[in-house]
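Enquirer: give me a 3D structure for the following:
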Amino acid sequence: MLGAIILIGGASRRMGADKAALDWGGRPALDLCRALARAVGARPVLAVGPRGEVTDDTPGAGPVGGVLAGARALASSGCRRMLVLAVDAPTIRPEDLLPLLTASGPGAAFEGQPLPMVIDLEVLPPDAEARWPLARLVERARLARPVCPPSVIRRLRGANTPEEHRALISGEDAG
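Expert: Below you'll find the model as predicted:
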(Lines give C-alpha, C1' and ligand atoms only; values in the text may rest on other atoms or scores of the structure.)
Protein backbone atom coordinates (compact mmCIF):
# COMPACT_ATOMS: atom_id res chain seq x y z
CA MET A 1 0.00 0.00 0.00
CA LEU A 2 1.32 3.44 -0.99
CA GLY A 3 1.06 6.30 1.47
CA ALA A 4 2.42 9.81 1.10
CA ILE A 5 4.00 12.44 3.24
CA ILE A 6 4.32 16.12 2.47
CA LEU A 7 7.22 17.86 4.17
CA ILE A 8 6.03 21.20 5.62
CA GLY A 9 8.65 21.75 8.32
CA GLY A 10 10.90 24.35 6.73
CA ALA A 11 11.23 27.83 8.20
CA SER A 12 10.33 29.55 4.88
CA ARG A 13 12.96 32.25 5.52
CA ARG A 14 13.67 32.92 1.83
CA MET A 15 9.98 32.90 0.93
CA GLY A 16 9.01 35.17 3.80
CA ALA A 17 5.68 33.36 4.21
CA ASP A 18 4.44 29.90 5.18
CA LYS A 19 4.95 27.83 2.02
CA ALA A 20 2.18 25.36 2.97
CA ALA A 21 -0.39 28.18 3.00
CA LEU A 22 1.02 30.03 -0.02
CA ASP A 23 -1.58 30.69 -2.70
CA TRP A 24 -1.06 28.90 -6.02
CA GLY A 25 -3.81 30.12 -8.31
CA GLY A 26 -6.50 30.09 -5.64
CA ARG A 27 -5.41 27.02 -3.68
CA PRO A 28 -2.87 26.60 -0.89
CA ALA A 29 0.26 24.63 -1.71
CA LEU A 30 -0.55 21.95 0.88
CA ASP A 31 -3.96 21.29 -0.69
CA LEU A 32 -2.39 20.93 -4.14
CA CYS A 33 0.25 18.50 -2.84
CA ARG A 34 -2.43 16.42 -1.09
CA ALA A 35 -4.45 16.30 -4.32
CA LEU A 36 -1.35 15.23 -6.27
CA ALA A 37 -0.60 12.40 -3.85
CA ARG A 38 -4.20 11.18 -3.96
CA ALA A 39 -4.22 11.39 -7.78
CA VAL A 40 -1.41 8.82 -7.91
CA GLY A 41 -3.18 6.51 -5.46
CA ALA A 42 -1.55 7.39 -2.14
CA ARG A 43 -3.63 6.75 0.99
CA PRO A 44 -3.13 8.06 3.62
CA VAL A 45 -1.58 11.43 2.84
CA LEU A 46 0.04 13.10 5.85
CA ALA A 47 1.66 16.49 6.32
CA VAL A 48 4.85 16.28 8.39
CA GLY A 49 5.93 19.34 10.31
CA PRO A 50 4.91 21.59 13.18
CA ARG A 51 1.41 22.18 11.77
CA GLY A 52 0.94 18.74 10.24
CA GLU A 53 -0.68 15.51 11.29
CA VAL A 54 2.79 14.18 12.09
CA THR A 55 5.44 16.12 13.96
CA ASP A 56 9.14 15.60 13.52
CA ASP A 57 10.98 14.25 16.57
CA THR A 58 13.89 16.58 15.82
CA PRO A 59 12.45 19.88 14.54
CA GLY A 60 14.93 21.99 12.63
CA ALA A 61 17.23 19.06 11.91
CA GLY A 62 16.30 18.88 8.23
CA PRO A 63 14.02 16.95 5.90
CA VAL A 64 15.34 13.47 6.73
CA GLY A 65 13.91 13.83 10.23
CA GLY A 66 10.52 14.49 8.66
CA VAL A 67 10.93 11.54 6.30
CA LEU A 68 11.70 9.21 9.21
CA ALA A 69 8.78 10.48 11.31
CA GLY A 70 6.44 10.18 8.33
CA ALA A 71 7.68 6.66 7.58
CA ARG A 72 6.87 5.55 11.12
CA ALA A 73 3.37 7.02 10.88
CA LEU A 74 2.70 5.40 7.50
CA ALA A 75 4.07 2.03 8.64
CA SER A 76 1.67 2.09 11.60
CA SER A 77 -1.14 2.63 9.06
CA GLY A 78 -0.11 -0.50 7.16
CA CYS A 79 1.76 1.23 4.32
CA ARG A 80 4.76 -0.47 2.80
CA ARG A 81 5.73 2.19 0.25
CA MET A 82 5.97 5.97 0.63
CA LEU A 83 5.80 8.93 -1.72
CA VAL A 84 7.68 11.93 -0.30
CA LEU A 85 6.74 15.39 -1.56
CA ALA A 86 7.94 18.86 -0.56
CA VAL A 87 5.23 21.46 -0.04
CA ASP A 88 7.23 24.03 -2.01
CA ALA A 89 6.69 22.09 -5.26
CA PRO A 90 2.91 22.03 -5.70
CA THR A 91 3.11 22.33 -9.49
CA ILE A 92 4.30 18.74 -9.94
CA ARG A 93 1.89 16.75 -12.10
CA PRO A 94 0.89 13.10 -11.69
CA GLU A 95 2.65 12.18 -14.94
CA ASP A 96 5.89 13.72 -13.61
CA LEU A 97 5.90 11.06 -10.87
CA LEU A 98 5.39 8.04 -13.16
CA PRO A 99 9.13 7.27 -13.58
CA LEU A 100 9.46 7.15 -9.79
CA LEU A 101 6.29 5.17 -9.15
CA THR A 102 7.08 2.56 -11.81
CA ALA A 103 10.83 2.18 -11.17
CA SER A 104 11.92 -1.33 -10.34
CA GLY A 105 13.55 -1.99 -7.01
CA PRO A 106 13.06 -0.33 -3.66
CA GLY A 107 12.10 3.08 -4.99
CA ALA A 108 13.43 6.02 -6.93
CA ALA A 109 14.37 9.69 -6.90
CA PHE A 110 15.40 11.67 -9.96
CA GLU A 111 19.11 12.09 -10.57
CA GLY A 112 20.21 15.35 -8.97
CA GLN A 113 16.87 15.82 -7.19
CA PRO A 114 16.26 13.96 -3.91
CA LEU A 115 12.62 15.03 -3.88
CA PRO A 116 10.14 13.85 -4.80
CA MET A 117 11.03 10.27 -3.94
CA VAL A 118 9.28 6.93 -3.72
CA ILE A 119 10.71 4.44 -1.25
CA ASP A 120 9.84 1.06 0.18
CA LEU A 121 9.74 1.55 3.93
CA GLU A 122 11.74 -1.61 4.54
CA VAL A 123 14.83 -0.15 2.83
CA LEU A 124 15.10 2.91 5.05
CA PRO A 125 18.55 2.54 6.61
CA PRO A 126 18.19 1.51 10.26
CA ASP A 127 21.00 3.91 11.20
CA ALA A 128 19.46 6.89 9.35
CA GLU A 129 19.71 10.13 11.28
CA ALA A 130 17.50 13.21 11.16
CA ARG A 131 20.42 15.46 10.27
CA TRP A 132 21.49 13.45 7.22
CA PRO A 133 21.24 15.16 3.85
CA LEU A 134 18.45 13.72 1.70
CA ALA A 135 21.04 12.64 -0.87
CA ARG A 136 22.65 10.33 1.70
CA LEU A 137 19.30 8.72 2.47
CA VAL A 138 18.64 8.17 -1.24
CA GLU A 139 22.11 6.68 -1.72
CA ARG A 140 22.01 4.43 1.34
CA ALA A 141 18.54 3.12 0.42
CA ARG A 142 19.92 2.31 -3.06
CA LEU A 143 17.07 4.03 -4.86
CA ALA A 144 16.97 4.08 -8.66
CA ARG A 145 18.03 7.44 -10.12
CA PRO A 146 16.19 8.01 -13.40
CA VAL A 147 17.11 11.08 -15.39
CA CYS A 148 14.56 13.84 -15.01
CA PRO A 149 13.14 15.22 -18.24
CA PRO A 150 14.31 18.84 -18.66
CA SER A 151 10.71 20.04 -19.01
CA VAL A 152 9.93 18.72 -15.51
CA ILE A 153 12.95 19.95 -13.51
CA ARG A 154 11.54 23.42 -12.78
CA ARG A 155 8.32 21.98 -11.31
CA LEU A 156 10.31 19.54 -9.15
CA ARG A 157 12.52 22.24 -7.69
CA GLY A 158 9.50 24.26 -6.63
CA ALA A 159 9.67 27.73 -5.16
CA ASN A 160 11.81 28.92 -2.28
CA THR A 161 11.58 32.64 -3.01
CA PRO A 162 8.76 35.00 -4.04
CA GLU A 163 10.43 35.37 -7.45
CA GLU A 164 10.45 31.60 -8.03
CA HIS A 165 6.82 31.43 -6.91
CA ARG A 166 5.78 34.15 -9.38
CA ALA A 167 7.75 32.51 -12.19
CA LEU A 168 6.19 29.08 -11.63
CA ILE A 169 2.68 30.50 -11.51
CA SER A 170 3.24 32.50 -14.69
CA GLY A 171 5.13 29.71 -16.49
CA GLU A 172 8.30 31.80 -16.82
CA ASP A 173 11.81 30.49 -16.21
CA ALA A 174 12.97 31.60 -12.76
CA GLY A 175 16.54 30.66 -13.59
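Enquirer: all helices of the chain, in order?
Expert: Counting by DSSP state H, the chain has these helices, from start to end: 29-39, 63-76, 94-101, 134-140, 150-157, 162-170.
Enquirer: the last one vs helix 29-39, what angle?
Expert: Just to be clear, that refers to helix 162-170. Going by axes from the mean of the first three to the mean of the last three CA atoms, to 10 degrees, helix 162-170 is angled at 50 degrees with respect to helix 29-39.
Enquirer: quick one: buried residues of helix 162-170?
Expert: The neighbour-count criterion (16 or more other CB atoms under 10 Å) identifies 164-165, 167-168 as the buried residues of helix 162-170. Every residue, glycine included, has its C-beta placed from N, CA and C.
Enquirer: which sections of the protein are below the confidence cut-off?
Expert: Under the criterion pLDDT under 70, the flagged ranges of the chain are 10-21, 172-175.
Enquirer: and for Ala75, nearest residue in space, chain neighbours not counted?
Expert: Leu121 (5.3 Å; CB to CB, 6 or more residues apart in numbering).
Enquirer: gap between the closest residue to Leu101 other than its chain neighbours and Pro59?
Expert: Using CB to CB, 6+ apart and skipping residues adjacent in sequence, the residue nearest Leu101 is Val118, 5.7 Å away. Val118 is 25 Å from Pro59, where distance means CB to CB, to the nearest Å.
Enquirer: contact partners of stretch 46-59?
Expert: Outside stretch 46-59, the residues within contact range by CB atoms under 8 Å, 6 or more residues apart in numbering are 3-10, 20, 30, 34, 65-70, 73-74, 87, 130-131.
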